[in-house]
Structures are given as structure tokens and as C-alpha cells.
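Student: I need the structure of the sequence given here:
(one chain, ligands or ions: 2)
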Amino acid sequence: MNNVLIAPSILSADFSRMGEEVKSLEVCGADMIHADVMDGVFVPNITFGIKMVEDLRKCTALPIDAHLMIVHPEKYVERFAKAGADFVTVHYEACKEDTAKTLKLIKSCGAKAGVVINPDTPWERAAEFLPLCDMILVMSVYPGFGGQKYIPSADEKLLNLSRLIGEKKPQTLLEIDGGVTEENAPRLIGLGANVIVAGSAVFKAADRKKAIAALRG
Ligand code: DX5
Ligand code: ZN
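Tutor: Numbers count the residues shown, from 1 in each chain. Ligands and ions are numbered 1, 2, ... in the order given. The predicted structure is shown next:
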């Protein structure tokens with residue numbers, strides 16, 4: 001058993017039955033709930049916000065990983081942390097020169113902080129913030145939708161970031177999000193990813209328990 005955490009993305013869940021969906025993930029062996037927050041501005045899709053995290057907090061003991069795909073995340077991170085998100089991750093592309101400030105704000109609210117980089121952003125942009133990060137999230141699809149194909153350039157980012165994390169701050173988690181399947185998960189884990197986000201691979205599977213187990217590599 002490796003210490004890889006599986007974080008199913010509830011973007012692929014049935015939103016009308018979210019509580020049951022999260023319970024099912026818990027029973028099926030998920031380690032974390034990945035909550036994709038989209039504002040229709042930073043990404044061309046809209047999902048849910050603070051109230052969803054607040055309500056899910058009451059129905060699961062699993063850590064909630066709030067992936068904020070929104071503009072001006074600094075305006076909302078405090079409320080996500082107070083709503084019960086254990087991890088709050090913000091995009092470098094949304095924060096730019098305010099990235100460090102936003103990560104510090106997340107931590108000051110008692111949540112774990114993470115920076116996210118899009119497929120076109122070099123890994124070095126995330127590396128700069130390693131001292132302030134509990135987690136770094138590498139996007140392996142353009143954010144906005146589930147069910148897309150893994151973009152292979154994420155491989156090298158994982159490798160470089162996992163080497164750096166190993167040297168400088170080994171307790172930092174390295175998360176991969178987008179197009180992860182049971183076929184490519186073992187390779188991504190080999191490259192150093194230790195938090196595996198999966199939407200379609202879990203929710204489209206006939207057997208969620210098997211699907212989650214298979215993602216562990
Ligand atoms: C995409 C989201 C992902 C998405 C992953 O913007 O950040 O978390 O749900 O979905 P799959 O695993 O289907 O690529
Ligand atoms: Zn996500």
C-alpha cells in the first residue's frame with residue numbers, strides 16, 4: 001500500500017443527490033473530496049460555491065479539497081476555509097502577483113493552502129511558492145470540464161516538482177487533476193503525484209470501489 005490519496009471530483013457527481021454521492025465515495029474508499037468551484041469567468045463553466053462546501057462538511061468526515069477556478073480568489077478564500085474546506089487551492093493565473101498573499105491568507109484561516117498551475121503555465125511558477133504551499137496542483141487539462149484527455153506535458157511538470165519537493169519540503173503534497181484514468185495513474189504516481197483527482201474515472205465506473213482501488217496504482 002503506497003500513501004497515495006484518491007480525491008474523486010464531485011464535478012462528475014449527480015448534483016441533485018450530492019450528499020448521497022459523497023457518502024458513497026466515503027464507503028468506496030476515497031481519501032478526500034475534490035470540490036471544483038467554477039465562476040463562469042475564470043473558466044467557461046459554473047458549478048457551486050461556499051454553501052456546497054458548508055453543507056458537505058456536515059455529511060462527511062473526509063477532507064474537502066476546494067479547487068477554486070474563480071477570479072479574485074482572495075475575496076473568497078476565507079469563507080471557503082470557514083465553510084470547512086481542509087484544502088483551498090487557488091490558480092496562479094487568477095492570483096498572479098497576489099499569489100503569496102492569497103496563500104498566506106488561506107493559512108491564516110486555518111486551512112491548508114495550495115497553488116494550481118494551468119497546462120500553459122511553466123512548473124517554475126508553482127515552484128516559487130513551495131515555501132507557502134501544503135499542496136501543489138498540476139492541471140493536466142484546461143480547467144472547466146470533466147471528461148477531457150490528459151495533456152502529456154504535465155508529466156514533466158510532475159517530475160520536476162516532485163524532485164524539488166523531495167529536496168526542499170517533502171511534506172508538500174503533489175496533486176494531479178484532469179484526464180486521470182486507471183491506465184495512466186500508475187505512471188503519474190511513479191512521476192511523484194501523491195494526490196490523484198478523478199472525476200469520470202470514478203463516476204463513470206460500474207464499480208466505484210474497484211475504480212478507486214485501481215487508481216492507487
Ligand atoms: C476540471 C476539474 C477537474 C475535473 C476532472 O476543471 O478541475 O477536477 O473534475 O475530471 P476528469 O477526472 O473527468 O478529467
Ligand atoms: Zn479540479
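Student: so where do the helices sit in the protein?
Tutor: All helices of the chain, identified by DSSP state H, fall at 18-27, 50-59, 77-83, 92-95, 99-108, 123-127, 154-168, 185-190, 200-203, 208-215.
Student: would a markdown table of the ones you listed with mean neighbour count and distance to ligand 1 be doable?
Tutor: Where C-beta positions appear, they are placed from N, C-alpha and C, glycine not excepted. A markdown table is the format used below for the helices of the chain (neighbours: other CB atoms under 10 Å; distance: least, CB to the nearest ligand atom, whole Å):
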| stretch | mean neighbour count | distance to ligand 1 |
| --- | --- | --- |
| helix 18-27 | 17 | 13 |
| helix 50-59 | 16 | 14 |
| helix 77-83 | 21 | 15 |
| helix 92-95 | 20 | 13 |
| helix 99-108 | 19 | 18 |
| helix 123-127 | 17 | 15 |
| helix 154-168 | 18 | 12 |
| helix 185-190 | 17 | 11 |
| helix 200-203 | 23 | 3 |
| helix 208-215 | 19 | 10 |
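Student: Point out where the protein drops to low pLDDT.
Tutor: Filtered on pLDDT under 70, the chain yields the residue ranges 1-2.
Student: Let me know how buried the residue of it found nearest ligand 2 is, in neighbour terms.
Tutor: Using CB to the ion, the single residue of the chain nearest to ligand 2 is residue 67, 3.8 Å away. Residue 67 sits with 28 neighbouring residues when counted by other CB atoms under 10 Å.
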